[in-house]
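Enquirer: got a sequence here, can you build the structure:
(one chain, ligands or ions: 2)
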Amino acid sequence: MVKFLGKSVYKGIAIGPVHVLKKEEQKVKRNKTEDPEKEIEKVGQAVLQAQQQLQKLYDKALKEVGETSAAIFEVHQMMLEDEDYLDAIHNMIRTELVGAEYAVAVTGDNFSQMFAGMDDDYMRARAADVKDISNRLIQCLSGQDGSDFAFEEPSIIVADDLSPSETVQMDKEKILAFVTVHGSANSHTSILARMMNIPALIGVPLDLSQIRSGMKAVVDGMQGEVVFEPDEGVCEEAANKLAKEKEKLHLLQELKGKENVTLGGKHVHVYANIGGVGDVGYVLENDAGGIGLFRSEFLYLGREDFPTEEEQLQAYRQVLQTMGEKKVIIRTLDIGADKQVDYFHLGKEENPALGYRAIRICLKQPDIFKTQLRALFRATVYGNLSIMYPMITSTEEVARIFEIVEEVKTELAKAQIPFKDPEQGIMIETPAAVMIGDELAQMVDFFSIGTNDLTQYTLAIDRQNEKLDDFYNPHHKAILKMIQMVVDSAHKYGKWAGICGELGGDLELTEEFVKMGVDELSVSPSLILPLRKRIRELS
Ligand code: PEP
Ligand code: MG
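Expert: Numbering: from 1, shown residues only. Ligands and ions are numbered 1, 2, ... in the order given. Sure, this is the predicted structure:
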């Protein structure tokens with residue numbers, strides 16, 4: 001039995017098998033073989049195993065994101081059958097008498113360089129695919145697991161760190177808890193853990209080489225500890241706590257269908273934050289009044305190319321139709337900073353959080369923006385959609401956004417494609433936007449305060465930097481004063497103001513937010529009912 005302490009970002013309990021995600025660069029050594037035919041046979045088996053993994057990924061993607069996005073896994077399956085590629089691996093094993101892993105690694109590099117040097121854009125893009133299938137083969141050959149984030153039984157995920165594009169690939173139904181060596185409490189992985197209602201510990205000083213997939217573990221988010229190979233006593237205690245947790249959740253269920261109203265009669269809208277179509281289930285399960293933040297950039301993560309207008313339309317339509325009359329606020333893409341996507345070719349930046357991200361990309365590369373806007377405007381006919389723009393710092397940006405929106409509307413009208421005029425608002429997540437709130441309020445329909453970034457930019461603290469977690473204080477007077485300023489600016493011009501950053505779910509501040517006049521709180525689905533309970537207790 002070994003115990004480690006970490007920082008808890010969601011206070012729940014989990015008991016179950018561990019699944020270790022090892023993501024170190026695959027460094028394959030050149031090793032000699034006496035038996036080349038045996039190595040070739042190993043390659044054949046690895047190809048079969050990789051094909052099965054890809055088929056599973058294809059099926060999962062087909063269900064969750066549609067046929068066009070799933071197609072990449074089919075392409076990978078075909079590439080694995082490519083005779084030139086397989087012959088090159090076999091020849092190398094036979095002529096140089098090297099092991100299977102080394103032959104795959106070198107062949108993968110060669111083919112990928114060959115593709116990268118081609119003139120045709122499509123062929124150049126295949127370089128990354130060859131690398132990908134070669135890495136998958138090497139993982140199968142070396143018996144490593146976790147290569148595709150697919151695991152059979154519900155597991156406690158243990159990793160060095162997790163990026164948003166990795167978490168998005170996982171089957172959320174099968175995650176019991178997250179335990180990571182690094183990571184910050186304000187990162188999107190932590191946000192995801194809170195959304196899914198699962199315990200998560202970050203900053204756990206583990207030596208991953210000592211942890212094996214399949215080991216049993218207990219994660220106690222209340223104590224901030226994880227115990228590997230726990231003894232019976234620890235398991236029993238955890239099982240008791242788990243039962244109590246379930247009981248508490250059960251009591252909260254009684255609040256379903258009730259209003260979010262204080263004892264004094266003040267109503268507050270309580271909405272949910274989501275990252276994708278698959279999360280709508282959590283929204284309904286927790287009885288949210290709407291969706292206050294759909295982080296649409298998650299549609300762009302974990303894939304190899306931009307989602308098309310059609311793919312996006314399908315995703316938005318599904319969410320809108322599922323939510324019926326309820327409000328769905330979709331935020332336009334907020335890529336950049338910690339949400340990196342290779343095909344955007346954003347390049348390396350000294351300070352990505354202060355860099356080329358979100359609306360800045362959309363305004364500089366209007367083609368990307370217009371594709372999303374077309375999909376969003378087309379989706380307006382399927383429900384109650386509001387559109388929200390992130391990372392605003394000036395009135396000029398808003399004016400430029402509306403010019404592009406007008407172009408999109410004109411194009412749609414010309415093509416006789418139906419759409420409605422949605423409510424359009426902005427996120428207030430930079431101090432600049434707070435300071436010019438009066439002017440901005442006259443341009444838009446609503447404000448939604450992004451306290452995660454507002455705290456980062458106001459306190460000059462990188463929200464991703466785990467060393468600064470102790471200094472990241474969203475309760476800082478400066479932040480609370482700013483929230484009041486934003487609400488006042490909005491109300492002065494008859495607009496509404498909400499909070500969609502993590503602070504919105506901080507029950508210690510609910511009373512203060514209500515006093516400030518905040519109209520809407522959009523929180524992780526798991527916090528909807530606890531927040532309703534808190535609001536109903538307020539006088
Ligand atoms: C925020 O910054 O508070 C916010 C809600 O947006 P994100 O966390 O996606 O940056
Ligand atoms: Mg933000």
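
Enquirer: would you map the strands across the stretch 51-200 of the chain?
Expert: Under the criterion DSSP state E, counting those that start in this stretch, the stretch 51-200 of the chain contains strands at 155-159, 175-180, 200-202.

Enquirer: can you pull out the low-pLDDT segments for the stretch 151-300 of the chain?
Expert: 164-165, 168, 188-189 (pLDDT under 70).

Enquirer: how about 90 then?
Expert: 151-153, 160-174, 182-198, 208-210, 212-214, 222, 244-253, 276-279, 281-282, 285 (pLDDT under 90).

Enquirer: who in it is up against ligand 1?
Expert: Counting by CB under 6 Å from any ligand atom, the stretch 151-300 of the chain comes close to ligand 1 at Leu293, Arg295. Using the backbone N, CA and C atoms, a C-beta is placed for each residue, glycine as well.

Enquirer: where do the helices sit along the stretch 251-400 of the chain?
Expert: 280-285, 309-323, 359-364, 366-379, 395-414 (DSSP state H, counting those that start in this stretch).

Enquirer: which positions in stretch 444-462 come out as buried?
Expert: By 16 or more other CB atoms under 10 Å, the buried positions in stretch 444-462 come out as 444-459, 461-462.

Enquirer: actually stretch 350-363, not the one I wrote
Expert: Here stretch 350-363 shows Pro352, Ala353, Tyr356, Arg357, Ala358, Ile359, Ile361, Cys362 as buried, counting by 16+ other CB under 10 Å.

Enquirer: can you give me the end-to-end span of it?
Expert: With CA to CA, to the nearest Å applied, stretch 350-363 spans 21 Å between its terminal residues.

Enquirer: does that stretch reach ligand 2?
Expert: No: using CB under 5 Å from the ion, stretch 350-363 stays clear of ligand 2, coming no nearer than 7.5 Å.

Enquirer: residues from the stretch 101-250 of the chain in reach of ligand 2?
Expert: Counting by CB under 5 Å from the ion, the stretch 101-250 of the chain has no residue next to ligand 2.

Enquirer: among the strands of the stretch 51-200 of the chain, which is the most enclosed?
Expert: Sort the strands of the stretch 51-200 of the chain by mean neighbour count, taking mean count of other CB atoms under 10 Å, and strand 200-202 sits at the top with a mean of 28.

Enquirer: mind saving the C-alpha coords of the next helix or strand after it as CSV?
Expert: Next in sequence after strand 200-202, counting helices and strands by DSSP states H and E, comes strand 216-220. Extracted in CSV, the C-alpha atoms of strand 216-220 (Å, rounded to 0.1, in the frame of the first residue of the first chain):
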residue,chain,number,x,y,z
LYS,A,216,-6.2,-1.1,-7.6
ALA,A,217,-6.4,2.4,-6.1
VAL,A,218,-8.6,4.6,-4.0
VAL,A,219,-8.8,8.3,-4.7
ASP,A,220,-10.1,10.5,-1.9
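
Enquirer: got the angle for strand 216-220 vs strand 155-159?
Expert: Strand 216-220 runs at 80 degrees relative to strand 155-159, counting by axes from the mean of the first three to the mean of the last three CA atoms, to 10 degrees.

Enquirer: in its sheet, what does strand 216-220 sit against?
Expert: strand 13-21 (antiparallel), strand 225-228 (antiparallel) (DSSP bridges).

Enquirer: before I go, just wanted to say thanks for your time.
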